[in-house]
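Peer 1: Sequence first, predicted model second:
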Amino acid sequence: MNYLSTRGDRTPRGFSDILLEGLAPDGGLYLPESYPKVDHATLGRWRGLSYADLAFEILSLYITDIPADDLRAMVRKTYTPAIFGTSEITPLKALDRAANAPDGTDVYLQALSNGPTLAFKDMAMQLLGNLFEYELGRRGETLNILGATSGDTGSAAEYAMRGKQGVNVFMLSPNGRMSPFQQAQMFSLQDANIHNIAIDGVFDDCQDIVKAVSNDLEFKRRCRIGTVNSINWARLLAQVVYYFAGYFQATSARVHATPEQVSFAVPSGNFGNICAGHVARMMGLPIRRLVLATNENNVLDEFFRTGTYRVRGSAETHETSSPSMDISKASNFERFVFDLLGRDAARTKQLFKTEVEQHGSFTVSADEFAHIASFGFVSGTSTHADRLATIRDTYRRFGVVIDTHTADGLKVAREHLEPGEPMLVLETALPAKFAETIALAIGVQPDRPAAMRGIEDLPKRFVVMPVDTQAVKTYLSANI
Ligand SMILES: *Cc1c(COP(=O)(O)O)cnc(C)c1O
């Protein structure tokens, strides 16, 4: 399997060529040349597999340049009950059941957040850690990952890369601006290859420093700087697996003559999670709807309702109680638009390079817009008040506490229920991560997994730096 760029570069590249890359050289995003198709016989064969073996079957369609035995060993090492809490890895929890649901529809939560950092990003990042270690070892190279985080991504990357051979992580975060819990998750790591750098500024300052360092191509090459941001294809690919796993669980107890479809509702920010659902659907997984939920930062809901994609400036990007979805542009969105446009790279480039860079927005044609329905996408927005109401309602009716992002997904899911179609809402974080808002909604603090109790009191390992690119470069050079 080779990969191409959404902006037209068709230089043949295999999975391991793009594994350690971010953007393609022409500024586009990598996608496989085609989506492998999965037929009914194959789905039937996969139904009984463990999560790790299912992951192997799916990944091996896209990863043809790593020996099968090595790939199998990596996924078996990654998707274990010890790391993800249950043998199902992403178990379903039923909320409404058709028998007593007024609309006759089953609604489920699919748990994706029982990994080490309590957010769905672990699902992909834990595999990435093993893939990076493997590929760097095979090449005899080392890599220094530089990133900026306001919360979930940084901790997921650090827990995935801690103790790995050949990899160092340098993670910038805004000093004193993360929740005490998020800060403790990262700063309590004592591994020598993990470097927490608290910047005396805001998240945008951290991100600007990362960009400035990456733009110094000579420094980047000499210091072997890499990233693990959400445009990485391997992360997206790892996420495809749980759509299959959710489908198998939701349809296991049913006997239907015709293949049954399910829908997924996905709390979205950078369009990474739901883009994996799009890939699963393109492969032939019977997904009826992909329900995209945004918070008040509704860049994507606006597109799916109107056909206009308009990126926002920082002044227009709201700080919300589902902070991991506070985005001004959706970095993975170009992948879907490329498919929507019939994989026309010239048109994709015109929209994302010329129009977005010059005018900050684009609008697809009426024909192109009409085509969206055939990809299953629908969307909606959820606000702070919706979030609190949904958390409260779910707690009262089912005794289940959900996090703020998952609440956005559930709120919008309920607007798109169809009789007889199971709806799976992806649970993107555990409530313990956003305890303040949960307490506001239901009056009690959410439970914390045992391993996370009292982490705020552990010794912390971090350095503080001013908003100064040179200071970060000097620190990097001295610690690699
Ligand atoms: C990252 C994140 C999201 C958004 O996911 P995307 O892939 O960026 O769309 C939603 N919820 C939580 C808790 C997250 O950490």
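Peer 2: All right, it came through fine. If you're wondering where the values come from, they're calculated on a predicted model, not measured in any experiment. Numbering: from 1, shown residues only.
Peer 1: those strands in the stretch 201-350 of the chain, which residues are they?
Peer 2: Under the criterion DSSP state E, counting those that start in this stretch, the stretch 201-350 of the chain carries strands at the ranges 225-226, 262-267, 287-294, 308-310.
Peer 1: Which one of the ones you listed lies nearest to the ligand?
Peer 2: strand 262-267 (4.6 Å; CB to the nearest ligand atom). Just so you know, the C-beta spots here come from the backbone N, C-alpha and C atoms, and that holds for glycine as well.
Peer 1: ok, back up a step: pick the most buried one from the strands of the stretch 201-350 of the chain.
Peer 2: strand 262-267 (a mean of 28; mean count of other CB atoms under 10 Å).
Peer 1: What is the burial count for R97?
Peer 2: R97 has 12 neighbours, counted by other CB atoms under 10 Å.
Peer 1: And the helices in the stretch 151-300 of the chain?
Peer 2: 152-161, 180-187, 203-215, 217-222, 233-251, 272-283, 299-306 (DSSP state H, counting those that start in this stretch).
Peer 1: can those go into JSON lines with extra columns for mean pLDDT, mean neighbour count and distance to the ligand?
Peer 2: JSON lines is the format used below for the helices of the stretch 151-300 of the chain (pLDDT from 0 to 100; neighbours: other CB atoms under 10 Å; distance: least, CB to the nearest ligand atom, whole Å):
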{"stretch": "helix 152-161", "mean pLDDT": "94", "mean neighbour count": "26", "distance to the ligand": "4"}
{"stretch": "helix 180-187", "mean pLDDT": "91", "mean neighbour count": "21", "distance to the ligand": "11"}
{"stretch": "helix 203-215", "mean pLDDT": "89", "mean neighbour count": "17", "distance to the ligand": "14"}
{"stretch": "helix 217-222", "mean pLDDT": "92", "mean neighbour count": "11", "distance to the ligand": "25"}
{"stretch": "helix 233-251", "mean pLDDT": "96", "mean neighbour count": "24", "distance to the ligand": "8"}
{"stretch": "helix 272-283", "mean pLDDT": "98", "mean neighbour count": "25", "distance to the ligand": "3"}
{"stretch": "helix 299-306", "mean pLDDT": "98", "mean neighbour count": "20", "distance to the ligand": "8"}
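Peer 1: Throw those helices into CSV and include distance to G28, thanks.
Peer 2: Shown next, in CSV, are these (distance: least, CB to CB, whole Å):
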stretch, distance to G28
helix 152-161, 22
helix 180-187, 32
helix 203-215, 17
helix 217-222, 19
helix 233-251, 12
helix 272-283, 14
helix 299-306, 19
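Peer 1: quick one, which of those is nearest to I89?
Peer 2: In terms of CB to CB, the element of the helices of the stretch 151-300 of the chain nearest to I89 is helix 233-251, at 6.9 Å.
Peer 1: chain center to that closest one, what's the gap?
Peer 2: From the chain centre to the centre of helix 233-251 is a distance of 12 Å (CA atoms, centre = their mean, to the nearest Å).
Peer 1: For P81, find the nearest of the helices of the stretch 151-300 of the chain.
Peer 2: Checking the helices of the stretch 151-300 of the chain against P81 by CB to CB gives helix 233-251 as the closest, at 14.1 Å.
Peer 1: Secondary structure class of D70, three-state.
Peer 2: Secondary structure state of D70, per DSSP: H, G, I helix; E, B strand; the rest coil, is helix.
Peer 1: so it sits right up against G137, yeah?
Peer 2: No. Assessed by CB atoms under 8 Å, D70 is found out of contact with G137, at 10.6 Å.
Peer 1: OK, contacts around Y309?
Peer 2: Counting by CB atoms under 8 Å, 6 or more residues apart in numbering, Y309 touches V299, E302, F303, F333, V337, L351, V356, S361, F362, T363, V364.
Peer 1: my bad, R392
Peer 2: Each residue near R392 by CB under 8 Å, 6+ apart is listed here: A441, I442.
Peer 1: Now the element after whichever helix or strand it is part of, going C-ward?
Peer 2: In the assignment (DSSP states H and E), R392 maps to helix 384-398. On the C-terminal side of helix 384-398, the closest following helix or strand by DSSP H and E is helix 404-414.
Peer 1: where does the spatially closest residue to Q261 that is not a sequence neighbour land on pLDDT?
Peer 2: Nearest residue to Q261 in three dimensions, chain neighbours excluded: R288, at 3.9 Å (CB to CB, 6 or more residues apart in numbering). Looking at R288, its pLDDT stands at 96.
Peer 1: Kindly report the same for R254.
Peer 2: 53.
Peer 1: what does the stretch 351-480 of the chain put close to the ligand?
Peer 2: Residues of the stretch 351-480 of the chain lying near the ligand by CB under 6 Å from any ligand atom: H405, T428, A429.
Peer 1: and the last one, how many neighbours does it have?
Peer 2: Just to be clear, that refers to A429. Each residue near A429 was counted by other CB under 10 Å, and the total is 24.
Peer 1: And it, its phi and psi?
Peer 2: When read as degrees, to the nearest 10, the backbone of A429 gives phi -160, psi 160.
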